[in-house]
Structures are given as C-alpha cells and as structure tokens.
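> got a predicted model here, sequence first, then my questions.
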Amino acid sequence: MRLPQQEYFTLGELAERWSTTERRLLELILNSELWAVALVSGIASTSWRDESGNYGESTVPKKFEVRTWFDQDLLFSLFKDEAGEISWCVDDGREYTFSEPVRITKGDLLVTRAELARFEQTHSLPSTKSVDLVQVEDSELKRTQRALAALVLGLADKYPAYRSGEKPNATQLARLATEHLRDAASDRTPHGFSETIVRQAISAALKACPEITE
C-alpha cells in the first residue's frame, strides 16, 4: 500500500529528523526562520462588504489553519511558556474573531510539507531528507514572499527615503505600511499588525527571495 505524502509534521518529528530539540525549533519559529501553523476549531465572527458596498457579517463554527507567524505575541508565549492564546486569525482573506480565545500549545504546532522543503533547501540538508521542491515554488507562502519582496524593492528603488544604502529599509517600509492603521487616540495598530511584525515579514520575504534581492 502506498500512502499519500505527509502534509504536516510535528515538532517532535522535526526534532528527530534534524537531530535537535523542540526548544530550538520554538526559537526558530519565534525568529520567523521556521513557519508553523496550528489546526484549530472554534466559533468565530467575520464581516465584509461585497462589490456593491453591501455590509455582511456572520458567526459560525469553523476549522482554521492558523498561520502563527502573524501573531508575534503568540509566538513569544509559545517560546516562553510553550502555550499561548489567539483571539483572531485570517482565513481566505477574511479576518475572524473568536467568541472565546483559543489556546494553542507547543504540541499543536505543525510545519507543512512545503515549509519543510523550503527550510531544508535553505539550510542545505542532505538530499536523502529532501521533499518535492517543485511544490515549494507553487506554495502560497513562496508566492506571497515574492510579491512582498518585489513590492518593497520597487518602493525602495523609486523613493530613496525607503532604502538604506542600496537595500530596502525594512523599518521605514513597516512604518509606511502601518501608518494608516493607527488609531488616532491611542496611536496603536490593530492586534497582529505592529511595525515589528510587518518589519519581520518584510525581512523574511527579502531573505527568502535571494534571486531578486542580490
């Protein structure tokens, strides 16, 4: 019998595969060097406007593949206490707010096959442990990183204020990206959209696309 390819890998499986510890993997996840997801379910609310400008909202029980790298507070809690909570997530382009915070533990973290392949390719692990790298090129993460890297390179090329020397200035670009999100009274950005998180996303995108950044 030939089973389908494994799509998700636990930290325990990766620690054994890479001869390291789960603690080390949590550090990599905290620093956005390794991207982990968590499969959770809960009752969540979302709202939207259609093409005609009509407003809609719904509250539904739903399963999510939470992209933990969007929530730096969660990653810090996972690294520090091996557990944390989320109150919102993004799915299919919509932001969902949970009716009650959802707890995520170290054991809930998973690494997708595409992310495993990207990480192993980046760090040049032996080919005996490689995964089908063709799928990495088509992965949502890689496409998003390419688009973000191209965007910041274009801005830095056109506007000198957004570059440092010949390279994009991630700090200035993150500030530009979050300016319109700030609350006028508190000067805060919505949860998950801080300058730090955006800056880290920009840096990770540039690092992941050496073919256009070097």
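Yep, that arrived. Everything numeric in this text was worked out from a predicted model, so none of it was measured.

> buried residues, the helix or strand harbouring residue 40. List them.
With elements taken from DSSP states H and E, the one containing residue 40 is strand 37-49. Across strand 37-49, burial judged by 16 or more other CB atoms under 10 Å covers 37-38, 40, 42, 44, 46. Quick note: C-beta positions are derived from backbone N, CA and C, even for glycine.

> closest one of those to residue 198?
residue 37 (19.7 Å; CB to CB).

> residue closest to the middle of this structure?
In the chain, the residue lying closest to the centroid (CA atoms, centre = their mean) is residue 69, at 3.5 Å.

> pull the contacting residues for it.
Each residue near residue 69 by CB atoms under 8 Å, 6 or more residues apart in numbering is listed here: 29, 32, 35-36, 75, 201.

> okay if I get the buried residues of strand 37-49 as a markdown table plus pLDDT and distance to residue 120?
Formatted as a markdown table, those follow (pLDDT from 0 to 100; distance: CB to CB, whole Å):
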| residue | pLDDT | distance to residue 120 |
| --- | --- | --- |
| 37 | 95 | 17 |
| 38 | 95 | 21 |
| 40 | 92 | 26 |
| 42 | 90 | 32 |
| 44 | 92 | 34 |
| 46 | 91 | 35 |
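
> so can I have a markdown table of these showing distance to residue 121?
Shown next, in a markdown table, are the buried residues of strand 37-49 (distance: CB to CB, whole Å):
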| residue | distance to residue 121 |
| --- | --- |
| 37 | 19 |
| 38 | 24 |
| 40 | 28 |
| 42 | 34 |
| 44 | 35 |
| 46 | 35 |
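
> sorry, back to before: summarise which helices and strands the strand holding residue 40 is packed against.
In terms of contacts (3 or more CB pairs under 8 Å, 6 or more residues apart in numbering; DSSP states H and E), strand 37-49 is packed against strand 55-67, strand 83-91, strand 94-105, strand 109-112.

> tell me the mean pLDDT for the last one?
Right, strand 109-112. For strand 109-112, mean pLDDT is 96.

> and if you look at stretch 16-27?
94.

> tell me the span between the first and last residue of it.
End-to-end distance of stretch 16-27 (CA to CA, to the nearest Å): 16 Å.

> having no further points to raise, I will conclude here.
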